[in-house]
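In: Need a 3D model of the following:
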Amino acid sequence: MGLKTVKSIEDLKQKRNNEPVDLLVVCVPAAAAGEYVMSTLDGDLSVAKSLQIMTGGFGETKKGAELQESLENQLA
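Out: Down below sits the predicted model:
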């Protein structure tokens, strides 16, 4: 497909000379999304202009909906 991937945010920063990417796509289970994204980004949302989290299990359950709302609030 020709899409570039990196193993870590540090690798991304290094390859891009700290320039933000247009879109950062993260694929993780819903239960891990909030903690994973925030710990990986370490609060540094300047690494990307936009963030897409690909996961399952958010809106399908009450607990998932609560996780989704919490993550949205953290990223706002």
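
In: After the helix-or-strand element of the chain with minimal mean pLDDT, which helix or strand is next? Please name it.
Out: Least confident helix or strand of the chain, by mean pLDDT, DSSP states H and E, is helix 30-41 with a mean of 75. As assigned by DSSP states H and E, the chain's next helix or strand after helix 30-41 is strand 51-54.

In: The helix or strand following that following strand packs against which elements?
Out: Of the helices and strands lying after strand 51-54 in sequence (DSSP H and E), the nearest is helix 62-75. Secondary-structure packing of helix 62-75 (3 or more Cβ pairs under 8 Å, 6 or more residues apart in numbering; DSSP states H and E): helix 30-41. In this view, the C-beta of every residue, glycine as well, is placed from N, C-alpha and C.

In: change it to 10 Å
Out: helix 30-41, strand 51-54 (3 or more Cβ pairs under 10 Å, 6 or more residues apart in numbering; DSSP states H and E).

In: List the contacts of it.
Out: For helix 62-75, contacts defined as Cβ atoms under 10 Å, 6 or more residues apart in numbering pick out 30-35, 37-38, 41, 43, 45, 51, 53, 55-59, 61.
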